[in-house]
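Asker: Sequence and predicted structure below; questions after.
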Amino acid sequence: MPEDLWSDPAAESLPTLDQLVYRSNLLGQDRSIVNHGGGNTSSKGTALDHRGRPVDVMWIKGSGSDLETVTRSGFTPLRLEDVRATLARAEMSDEEMVAYLSRCSLEPGAPRPSIETMLHAFLPFPHIDHTHPEAAIAMCCGVRGQELMRECFGDELIWVPYVRPGFALAKLASAALEKNPDASGMLLAKHGLVTWGESGRESYRRTIDFLSRAERLLEVRVDPSSEFSGAWLEPAPATSRRAVMVELLPVIRGELSRLFGSDGHVILNFDDSADVLDFVSGRDMAALAGTGAACPDHVMYTKFLPLIVDADECRGVLQDGAQTLVEHLREAITGYASRYTEFFERYRESDATILNPGPRVILIPGFGMVTAGADAWAARNTAALYRTAIRVMRWASANGGYTSLSAREAWDIEYWPLELYKLTLKPSPRELASRVAVITGGAGAIGRATARRLLAESAHVVLSDIDEPHLRSVAAELSGRLPDHVLASSGDAGLEADVTLLLEEAILAFGGVDVVIPNAGIASAAPIDETSLEEWDRVHAVLSRGYFLACRAAFKVMKDQGIGGVIVVNSSKNGLAAGTNAIAYTTAKAAELHMARCLAEEGGRFGIRVNAVAPDAVIHGSGLWNQEWREERAKAYGFDVERIEDHYRERNALKVSVTAEDVAETILFLVSRRSSKTTGCVVTVDGGLAVSYPR
């Protein structure tokens, strides 16, 4: 049930535009009322033009902004008289409308006004809110929607038949208001709710009131024991769902990424929440989901139809294994893309270019829902929108039936230039957008610096480290700018179970893995006759066995995805050049390098590149270089421990200190497209040491 959050003390003294921002943010906080990026709000008032003259103005949300976070700059001030003058016109194309509104702006640099601008201008009320609330959409998309509206609201609301947003809808709404001038709002069929008021407070509270009343009416007819006509099959146990999805998600990700072309990738979100499981396992799921999207606003994120996996294909998975379902999914995704292409061509207009033909939503009976996006936020937002659609279908189906846009109407929304314009507002993707990188030793200096550098290129990063408190601190620090892009998973890099769990968590969080950086470090120094077997095993467990475990797990995921991948082994100068009194450490580092070369040979036919970096003495900020290790190195090479940084700087050709950021920059190059034809290579980051020049 929506909550009334309005505060008179907070709002009453605000100027018109600031109160509009306040009202919009309140509405946007509740995603059961407003989709991300959806809805539009407006207020009418007076402002000064560039010559200081008072002008009647309508402030309306700009295209592409979000009500929850919109600020003053997100609203466009329009000369109200000029906009309302178009009401006398019989028709107006979208192109004409956009061009005309650009000339009505009081501020030429303001954002393009909302698609619904004419609707707000033609309705003669000071404050208007247009939202897409779940309860309202359940009526708007109900077979008995108009009847339910009358039953719940009488003449308080007006029913407006479906017309694509724009000038024609604004004219239709204006004409409908003339027949019922005392109404307090309207329902736009297959679309959403519009409310108005003499004050922003009145408009906002009417939205909350109408939704509360609608929810009560709709919910009373829902029988929890027979939602979606009961279960078609029982949901799999939680542990089984997890195990099966670990196998399915990389395959799904690979198939969807290939639909983007040679350089395309997607991020996946897996949702097996109770509401989703009830829906995907219900007898009516296929019929309801196959009816179409719950709202025009959803189409751009969820597409008109989801991919519905055959329930019979899911029945024997727990007993017989997931391989049959894997093959079915490959065929189903290919079939969906083919049907989507046919859908596009059927309604195609001459200048339209097909969007990605793969599904954004995949419904898997008994297991849950998989959604795809360009990044984790987009994939999760699509999931949130489809959960909204599930609640809409639940209410509508219990109150007379669910309906949706026609295929033609859906095409017109998905390929509508005014909606496609919003895509142009997004910044160009960074170099590692939609990529997933796993870094062991992620809380150390090089791991942290590498994660920060990859995140700067929009990668999704999964950090692992045995030091859980430090790991959590580093992850929290890195999450500041891209909170949906960072995952922390504590564990021991030398334990098979922990490495397996690490890759599983990466898959379940993002759908798969593109980059693995074995980086966990451990130091050891002693003459050979003082090196115990226990010490040898301790070092090799992390640096040799641990790197093997990470690479083996990476190969499995990358082969399942079928879209290649990159491994960058963080070795050391000691892997190339003999070290004094460090036999366990040096031989383990050499083993890492040769393992990388072997795996480059093995991975080539799968498009998996394997390279290595070999830094020297990354001292600053490194936990590896603790006091004991510093003293041992100083003793081995015969210098005072206080001069350790000077020693390592002075011994290289460039006379420079090597930092974690230097290593991270080299790793970025090796995981990027710029090194796409490089594999089996080791790149030194040591300032130039003749003893470790690769040869």
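Answerer: Perfect, I can see it now.
Asker: Could you list every helix and strand that the helix or strand V613 falls within packs against?
Answerer: Under the criterion of DSSP states H and E, V613 resides in strand 608-615. In this structure, strand 608-615 makes packing contacts with helix 546-561, strand 565-570, helix 583-603, helix 660-671, strand 682-685, judged by 3 or more Cβ pairs under 8 Å, 6 or more residues apart in numbering; DSSP states H and E. Where C-beta positions appear, they are placed from N, C-alpha and C, glycine not excepted.
Asker: With respect to burial, which of those scores highest?
Answerer: A comparison of these by mean neighbour count, using mean count of other Cβ atoms under 10 Å, puts strand 565-570 on top with a mean of 27.
Asker: will you turn the helices and strands packed on strand 608-615 into JSON lines that also has mean pLDDT and distance to L329?
Answerer: Putting the helices and strands packed on strand 608-615 into JSON lines (pLDDT from 0 to 100; distance: least, Cβ to Cβ, whole Å) gives the following:
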{"stretch": "helix 546-561", "mean pLDDT": "98", "distance to L329": "12"}
{"stretch": "strand 565-570", "mean pLDDT": "98", "distance to L329": "20"}
{"stretch": "helix 583-603", "mean pLDDT": "96", "distance to L329": "24"}
{"stretch": "helix 660-671", "mean pLDDT": "97", "distance to L329": "28"}
{"stretch": "strand 682-685", "mean pLDDT": "96", "distance to L329": "39"}
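Asker: Save the ones you listed as JSON lines, and put in distance to T341 too.
Answerer: Putting the helices and strands packed on strand 608-615 into JSON lines (distance: least, Cβ to Cβ, whole Å) gives the following:
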{"stretch": "helix 546-561", "distance to T341": "23"}
{"stretch": "strand 565-570", "distance to T341": "28"}
{"stretch": "helix 583-603", "distance to T341": "33"}
{"stretch": "helix 660-671", "distance to T341": "33"}
{"stretch": "strand 682-685", "distance to T341": "43"}
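Asker: quick one, strands of the stretch 451-600 of the chain?
Answerer: Defined through DSSP state E, counting those that start in this stretch, the strands belonging to the stretch 451-600 of the chain, from first to last, are 460-465, 486-490, 515-517, 565-570.
Asker: average pLDDT across the second one?
Answerer: For strand 486-490, the per-residue pLDDT values average out at 97.
Asker: How about the contacts made by V276?
Answerer: With contact set as Cβ atoms under 8 Å, 6 or more residues apart in numbering, V276 has these partners: G368, M369, R387, I390.
Asker: what about 10 Å?
Answerer: V276 makes contact with P235, F270, L363, I364, F367, G368, M369, A383, Y386, R387, I390, according to Cβ atoms under 10 Å, 6 or more residues apart in numbering.
Asker: circling back to that earlier point, of the strands of the stretch 451-600 of the chain, which approaches L654 most closely?
Answerer: Closest approach to L654 among the strands of the stretch 451-600 of the chain (Cβ to Cβ): strand 565-570, 20.7 Å.
Asker: neighbouring strands for that closest one, and are they parallel or not?
Answerer: Partners of strand 565-570 in the sheet, by DSSP bridges, are strand 515-517 (parallel), strand 608-615 (parallel).
Asker: Report the distance from that strand to the chain centre.
Answerer: Averaging C-alpha coordinates over strand 565-570 and over its chain gives two centres that are 24 Å apart (Cα atoms, centre = their mean, to the nearest Å).
Asker: Output it as CSV, nothing but the C-alphas.
Answerer: Output for strand 565-570, consisting of C-alpha atoms alone and laid out as CSV, is shown next (Å, rounded to 0.1, in the frame of the first residue of the first chain):
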residue,chain,number,x,y,z
GLY,A,565,38.0,-14.6,-22.1
VAL,A,566,41.2,-13.3,-20.6
ILE,A,567,43.5,-14.5,-17.8
VAL,A,568,46.3,-12.3,-16.5
VAL,A,569,48.6,-14.0,-14.0
ASN,A,570,50.3,-11.7,-11.6
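Asker: okay, the angle between it and helix 583-603?
Answerer: When axes from the mean of the first three to the mean of the last three Cα atoms, to 10 degrees is applied, the directions of strand 565-570 and helix 583-603 differ by 160 degrees.
Asker: Please work out the angle formed by the directions of strand 565-570 and helix 660-671.
Answerer: For the pair strand 565-570 and helix 660-671, the angle between their directions (the same axes, to 10 degrees) equals 150 degrees.
Asker: Now F343. Its backbone dihedrals?
Answerer: Note on F343: its backbone torsions stand at phi -60, psi -40 [degrees, to the nearest 10].
Asker: quick one: it and F304 touch, right?
Answerer: Yes - with contact defined as Cβ atoms under 10 Å, F343 and F304 form a contacting pair (7.8 Å).
Asker: Now for the two: what residues contact both?
Answerer: Among the neighbours of F343, those also in contact with F304 (Cβ under 10 Å, 6+ apart) are A407, A410, W411, E414.
Asker: of all those residues, which comes closest to A584?
Answerer: Closest to A584, out of all of the shared contacts of F343 and F304 and judged by Cβ to Cβ, is E414, at 60.2 Å.
Asker: who touches E419 in this structure?
Answerer: With contacts taken as Cβ under 10 Å, 6+ apart, E419 has the following neighbours: S63, I115, R164, P165, P296, D297, V299, M300, D412, I413.
Asker: Nearest to D312 among these?
Answerer: V299 (29.0 Å).
Asker: No further queries at this time; thank you.
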